[in-house]
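1. have a look; sequence and predicted model below, questions after that.
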Amino acid sequence: MQLEINVIDAFTDTLFKGNSAAVIITNSWLSDDLMQSIAMENNLSETAFLVVDESDDSDNKDTYHIRWFSPLTEIDFCGHATLASAFVLFKKNPTLTTINFLAKAVGTLSIVQTDSGKIQMDFPNTKPEKVDSIPESLLAGLSIAPVEVYRNAQAYFVIYDSESDVLSVDRDNEVLKQLAPLDVVVTCKAQSESFNKYDFISRYFWPANGGGEDPVTGSIHTGLAPLWADRLGSNELLAYQASSRGGILDCVVVNDRVLISGDAVQYSTGFITI
């Protein structure tokens, strides 16, 4: 059996930047073990698997079930691989104006391509709540002590005062794994000339679920955007994830939803043989 595979760099307009995701579209679900093996072989942050919704009887098929796998495990929700999947479908079907993804953990995700060419995703608002008792594993796993800590169902949100703290913090992956199933994001208000066009910056560590540091993480911005919207007094925010590859995310907080937009570029297309 041959499967078409597309690899897309998401949240960037520059090849070899942003976060890479593989996209595989099939007529029916592969087995969970096979999808996990493919994701492990790809060794990208995520591999997205899509299956068309059979109840969609429109001429232009625009509704797909979606699942995301890291090299280690299935992920409940992945933003950059959702963007990559939409990029592939819009490219294959130029007449599409909207794509709907159905995901078990987060419901229906509506995706549109804006006039500027960016892909805009409509996600649930996952604003974190402040943590009064900070876990010892979080304190021991980071080289710089947090100023404040918040938490949602995905991660601990570590607030720092300065960009230098976000950029220079070291981590102990083995210690942070003790926080599983939660990951860790470190963030601060953008301050310097280097980041003056952004509202906030972040880095994301997920040793329990994907590896070390994730290049760009769309899902965590459904928590970061409302957190910083409150702190900065604005519902429209431009974010930069300061990994070695880097990525840019346009965020708009609208009540219980967060709209996240980004660019994407094609890296490769080909076939895998099973």
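-> On my side now, so go ahead.
2. wait, what's in contact with residue 194?
-> Going by C-beta atoms under 8 Å, 6 or more residues apart in numbering, residue 194 touches residue 163. C-beta: built from backbone N, CA, C; applies to glycine.
3. 10 Å - rerun?
-> Shown in contact with residue 194 (C-beta atoms under 10 Å, 6 or more residues apart in numbering): 163, 167, 201, 240, 242.
4. now the two most distant members of the residues you listed.
-> Using C-beta to C-beta, the contacts of residue 194 span at most 11.1 Å, a distance reached by 167 and 240.
5. where along the stretch 151-274 of the chain do the helices fall?
-> 163-168, 173-176, 221-232 (DSSP state H, counting those that start in this stretch).
6. may I have the phi/psi pair for the closest residue to residue 232 other than its chain neighbours?
-> Nearest non-adjacent residue to residue 232, counting by C-beta to C-beta, 6 or more residues apart in numbering: residue 199, 6.0 Å away. Main-chain dihedrals, residue 199, degrees, to the nearest 10: phi -90, psi -40.
7. and residue 199, what's its pLDDT?
-> With respect to pLDDT, residue 199 scores 98.
8. which residues touch it?
-> 189-190, 224-225, 228-229, 231-232, 234, 236-240, 251.
9. ok, now how distant is residue 115 from residue 261?
-> Applying C-beta to C-beta, to the nearest Å, the value for residue 115 to residue 261 is 11 Å.
10. more neighbours: which of these two?
-> The residue with more neighbours, out of residue 115 and residue 261, is residue 261; 20 against 5, by other C-beta atoms under 10 Å.
11. so what pairs up with the more buried one in the strands?
-> residue 120, residue 250 (DSSP bridges).
12. is it true that residue 141 touches residue 177?
-> Yes - the criterion here is C-beta atoms under 10 Å, and residue 141 meets it with residue 177 at 8.5 Å.
13. list the residues that contact residue 84.
-> Counting by C-beta under 10 Å, 6+ apart, the residues that residue 84 touches are 6-11, 18-23, 44, 46-48, 78, 119, 218, 262, 264-267.
14. per the annotation, how does the chain divide into domains?
-> Domain ranges of the chain: 2-123+262-273, 129-254, per automatic domain parsing.
15. hang on, the earlier thing: of residue 141 and residue 177, who's got more company?
-> Legend: neighbour count by other C-beta under 10 Å for residue 141 and residue 177, higher for residue 141 (22 against 15).
16. state the pLDDT value of the more buried one.
-> So residue 141 comes in at 98 (pLDDT).
17. residues touching it, list them.
-> By C-beta under 10 Å, 6+ apart, the residues touching residue 141 are 135, 156, 170-179, 184, 205, 207.
18. what about the helix or strand that residue 33 is a member of, average pLDDT?
-> Using DSSP states H and E, residue 33 sits within helix 32-42. The pLDDT scores in helix 32-42 average 98.
19. so what strands line up beside the next helix or strand after it?
-> Using DSSP H and E, the helix or strand that follows helix 32-42 in sequence is strand 46-52. Looking at strand 46-52 with DSSP bridges, its partner strands are strand 19-26 (parallel), strand 63-69 (antiparallel).
20. need the winner for burial among these.
-> Of all the strands paired with strand 46-52, strand 19-26 has the most neighbours on average by mean count of other C-beta atoms under 10 Å, namely a mean of 24.
21. CA atoms only: put that strand into PDB for me.
-> Only the C-alpha atoms of strand 19-26 are listed here, as PDB (Å, rounded to 0.1, in the frame of the first residue of the first chain):
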ATOM      1  CA  ASN A  19       7.300  23.900  12.700                       C
ATOM      2  CA  SER A  20       7.200  20.900  10.300                       C
ATOM      3  CA  ALA A  21       4.200  18.500  10.100                       C
ATOM      4  CA  ALA A  22       3.400  15.600   7.900                       C
ATOM      5  CA  VAL A  23      -0.100  15.200   6.500                       C
ATOM      6  CA  ILE A  24      -1.500  11.900   5.300                       C
ATOM      7  CA  ILE A  25      -5.000  11.600   3.900                       C
ATOM      8  CA  THR A  26      -6.700   8.200   3.700                       C
END
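22. alright, calling it a day.
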